[in-house]
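>>> fold the following, please.
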Amino acid sequence: MLKATSAHEARNGADTRERIFDAAEALFLEHGFDGTSMRMVTARAGANLAAVNYHFGGKEGLFREMLARRLDPLHEARLALLGERRRGARGRSLGCAEVLAAMFIPALALARDRARGGRDFLRLLGRAYVDPSPVLREFLSNRYAPTIETFKEAFAAALPAIPRQELAWRLHFTLGALAYTLAGADAWRLIAALDPPPCSLAAPSADARDTADDERLLARLAPYLIAGLQAPLPELDGRTAARAASESTARAATYTGGDGLSRHRTQQQQGAMQ
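Residues are numbered from 1 along each chain as shown. Below is the predicted model of the structure:
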């Protein structure tokens with residue numbers, strides 16, 4: 001009897017966690033971190049504040065775990081696909097398109113998995129990228145630093161002529177465009193209106209339509225992003241980005257101040273890779 005009671009309590013606890021997770025995720029998509037209160041979460045989940053504190057230790061712990069349950073599999077899949085493509089290259093540096101695909105394809109694959117969020121997963125990814133909360137920015141930068149650095153190195157190898165500082169800005173812009181595209185429904189509405197699939201006698205399944213939409217979206221977005229990454233270096237007050245980056249590096253080497261600006265900028269640029 002005691003074992004049966006314990007099993008029942010464990011199931012109830014797991015169910016409560018999932019309800020709280022789902023409520024927090026839906027509210028985060030709508031209101032962001034700062035706009036979501038614990039009262040809103042508990043009302044939507046049909047739970048009480050004590051349950052949130054018991055399972056997660058409070059709002060910050062809840063949102064960290066809520067994001068990690070979705071983003072951990074994404075980053076694992078990205079690293080796995082990048083590693084697979086590197087092994088297939090047999091020592092050759094991957095091109096821009098190959099590195100970009102290793103970031104893009106796992107997100108689309110997870111978006112087709114309804115058990116792990118479906119299309120809402122893409123909205124969550126975009127929202128996590130643009131949410132201004134320092135709590136989330138620090139969490140994402142710290143937790144996914146290894147993935148961030150791995151992809152930065154891959155892009156640097158693919159674009160050896162681009163100075164690192166300039167590349168950091170280009171990745172920031174690239175990921176911003178990617179997150180905006182993934183986060184909204186506008187891209188899929190545009191596909192349906194302007195780029196309909198070819199006519200077929202047999203109606204495709206929902207999964208087949210999703211896959212076709214994803215492929216058409218990637219086919220349109222990838223060339224745009226790659227062109228931006230490979231664009232000529234800009235002129236900055238009469239200097240090329242290469243010269244500006246060289247001068248900035250020299251200043252950084254002699255800089256010993258303690259205002260924390262360098263670390264803040266690094267965190268901002270890392271945030272672009274979430």
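
>>> pop the domain breakdown of the chain in here.
As given by automatic domain parsing, the domain ranges for the chain are 12-57, 67-255.

>>> need those in TSV (columns: mean neighbour count).
Using the backbone N, CA and C atoms, a C-beta is placed for each residue, glycine as well. Below are the domains of the chain laid out as TSV (neighbours: other Cβ atoms under 10 Å):
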stretch	mean neighbour count
domain 12-57	16
domain 67-255	15
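
>>> residue 102 - that's part of a helix, no?
Yes - residue state for residue 102 (DSSP: H, G, I helix; E, B strand; the rest coil) corresponds to a helix.

>>> thought it was touching residue 78?
Yes - with contacts counted by Cβ atoms under 8 Å, residue 102 reaches residue 78, the gap being 5.8 Å.

>>> mean pLDDT lowest for which of the domains of the chain?
In terms of mean pLDDT, the lowest-scoring of the domains of the chain is domain 67-255 (a mean of 80).

>>> still on that earlier bit, shared neighbours, residue 102 and residue 78?
Taking Cβ atoms under 8 Å, 6 or more residues apart in numbering as the contact criterion, the common neighbours of residue 102 and residue 78 are residue 151.

>>> residue 152 sits in which helix or strand?
helix 145-158 (DSSP states H and E).

>>> CA atoms only: put that helix into CSV for me.
The C-alpha trace of helix 145-158 is given here as CSV (Å, rounded to 0.1, in the frame of the first residue of the first chain):
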residue,chain,number,x,y,z
ALA,A,145,28.9,28.7,-24.2
PRO,A,146,30.5,25.4,-25.5
THR,A,147,28.1,25.3,-28.5
ILE,A,148,28.6,29.0,-29.1
GLU,A,149,32.3,28.7,-29.3
THR,A,150,32.2,25.6,-31.4
PHE,A,151,30.1,27.3,-34.1
LYS,A,152,32.1,30.5,-33.9
GLU,A,153,35.2,28.5,-34.7
ALA,A,154,33.4,26.7,-37.6
PHE,A,155,32.3,30.0,-39.1
ALA,A,156,35.8,31.4,-38.6
ALA,A,157,37.3,28.5,-40.5
ALA,A,158,34.7,28.9,-43.3
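
>>> now do the very next helix or strand once past that helix: which elements does it pack against?
Sequence order places helix 164-183 as the next helix or strand after helix 145-158, per DSSP H and E. When contacts are defined as 3 or more Cβ pairs under 8 Å, 6 or more residues apart in numbering; DSSP states H and E, helix 164-183 packs onto helix 96-111, helix 119-130, helix 145-158, helix 206-229, helix 241-254, helix 261-271.
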